[in-house]
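Asks: Quick one, fold the following:
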Amino acid sequence: MPLSPILPESLSFSRRQFLGLGLGAALLGRLPALAQSPPPGRVRLRQLGVAIGTLPPGPFNAITDVEGVRVGQVTLIAGEGPLVIGKGPVRTGVTAILPHGGILSREPVLAADFTLNGNGELTGVGPLRRSGWLGAPILFTDTGSVGAAYDAALGYMLERDPEVLSGVLRPEPVVGETWADFLHDTAGRHLRPEHVRQALDEAKGGPVEEGCTGGGTGMRAYEFKAGTGTASRLVDCEDRRYTVGVLVQANHGRRAQLMIDGVPVGREIPDLLPERPDQPKSMLAVVATDAPLLPLQLRELAKRMALGMGRTGAISTHSSGDILLAFSTAQRRGTAPVQPLQVLSDGQITRLYQGVVETAEEAILNALTMAYTMSGRDGHLVHALPLDRLAEVLQRYGRIK
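Replies: Sure, this is the predicted structure:
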């Protein structure tokens with residue numbers, strides 16, 4: 001017999017209350033990490049014939065097109081039926097983003113953050129804001145898993161650099177969350193340290209799994225299934241070409257708001273709504289670039305991801321946690337008392353802004369087109385965006401032939 005009662009649908013908690021719950025700790029099982037492949041028929045936006053903006057994407061059209069950036073993901077899916085706290089159903093995971101493959105605490109990169117709306121959590125930004133340096137992994141997960149992700153990441157950092165908490169910088173893991181409770185046993189806290197460690201250890205360059213993967217496993221956007229998405233752009237600044245790449249965890253928006261390449265898709269496909277209304281809340285996003293930028297400039301890049309979000313129709317509601325982070329891989333902090341830094345001219349940075357806006361927009365849409373229909377706790381069902389009907393709508397509006 002389970003030690004925790006079934007949570008009735010009429011009983012609801014805020015994400016903050018869930019972060020403080022201790023229920024189900026003794027019942028945590030060790031769930032296998034799944035390597036997910038999208039079902040047949042799920043494709044990225046460009047495979048439908050839609051190209052957002054005018055700038056070209058990188059080879060993988062992913063954040064990993066920025067040289068050195070690595071992404072690792074662990075996906076946890078288990079159980080069906082009524083919610084039993086500590087047992088499931090489970091629809092969660094973790095996404096790890098590493099600016100490079102070295103020891104981040106010894107070779108941090110310049111970074112900045114921006115909060116569009118703050119009903120969410122992003123740990124580790126105190127040291128980042130104080131110093132302008134990012135010396136820790138970035139992890140995206142669900143609300144109930146922030147503590148596990150932080151603890152495991154700190155252990156990972158200490159193993160690689162035992163002096164990480166003794167230096168001047170003292171970086172902390174950067175862990176962000178969005179709310180997966182419509183499908184997931186949030187209070188059960190099923191993400192384990194070994195899952196986080198696996199995501200960190202297996203982080204790599206190349207293609208990135210999208211949709212119902214990693215931290216985005218239980219998420220939805222515009223009342224369709226969504227989750228993890230990524231994209232990139234190549235940006236020419238005088239005689240140099242730079243790359244910007246974005247990765248998002250999309251969990252926001254009402255159906256009627258959804259816009260794809262300027263087309264009101266949400267109004268054209270008004271059905272396939274979840275049976276029980278429950279508004280998605282938030283978006284996490286990180287932009288990486290190899291352009292040499294200072295923290296103040298990187299904060300401006302982070303802000304532009306909000307414009308990309310807005311181009312898909314979102315308004316960033318009062319209950320939303322839309323939290324954005326930007327870093328540059330162009331230079332790493334050394335140990336010399338005086339260090340030279342390269343800085344891109346402000347006269348060139350507008351070109352990067354365009355790349356960030358286009359990339360953030362496309363990353364959100366990739367999260368939608370790659371995600372598949374998923375059921376979860378208490379039989380809740382979130383439909384995938386129907387790509388055949390999407391193509392029909394886009395054809396009617398002249399976006400694809």
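Asks: which residue ranges form the strands in the stretch 51-200 of the chain?
Replies: 70-78, 90-98, 109-118, 133-134, 138-142, 174-178 (DSSP state E, counting those that start in this stretch).
Asks: can you list the weak-confidence ranges in this protein?
Replies: The model of the chain has pLDDT under 70 over residues 1-39, 279-280.
Asks: pull the longest helix from it.
Replies: helix 346-370 (DSSP state H).
Asks: just checking, next helix/strand downstream of it?
Replies: Note on helix 346-370: by DSSP states H and E, the next helix or strand toward the C-terminus is strand 374-375.
Asks: Give me the sheet partners of that following strand and which way each runs.
Replies: Strand pairing for strand 374-375, using DSSP bridges, gives strand 381-382 (antiparallel).
Asks: buried ones in the longest helix of the chain?
Replies: Of all the residues in helix 346-370, those buried under the rule 16 or more other CB atoms under 10 Å are 349, 351-370. Where you see a C-beta, it was placed from the backbone N, CA and C, and this is true even at glycine.
Asks: I'd like the distance from that helix to the chain centre, please.
Replies: Its chain's C-alpha centre lies 14 Å from the corresponding centre of helix 346-370 when counted by CA atoms, centre = their mean, to the nearest Å.
Asks: Enumerate every residue touching the spatially most central residue of the chain.
Replies: Of all residues in the chain, the one closest to the mean position by CA atoms, centre = their mean is Q249, 2.8 Å from it. If you count contacts by CB atoms under 8 Å, 6 or more residues apart in numbering, Q249 has them with 95, 140, 176, 178, 215-216, 219, 227-228, 283-285, 367.
Asks: again, only this time at 6 Å
Replies: F140, T178, G215, G216, L284 (CB atoms under 6 Å, 6 or more residues apart in numbering).
Asks: how about the third one, phi and psi?
Replies: So the one you mean is G215. When read as degrees, to the nearest 10, the backbone of G215 gives phi -60, psi -20.
Asks: Specify the beta-bridge partners of the nearest residue to it once chain neighbours are set aside.
Replies: Nearest non-adjacent residue to G215, counting by CB to CB, 6 or more residues apart in numbering: F140, 3.7 Å away. Beta-bridge pairing for F140 (DSSP bridges): T95, G176.
Asks: roughly how far apart are F140 and A367?
Replies: As defined by CB to CB, to the nearest Å, F140 lies at a distance of 12 Å from A367.
Asks: try S319
Replies: Distance from S319 to A367, counting by CB to CB: 20 Å.
Asks: Equivalent analysis for L352, please.
Replies: 22 Å.
Asks: can you check H380 too?
Replies: Distance from H380 to A367, counting by CB to CB: 19 Å.
Asks: Same question for E194.
Replies: 26 Å.
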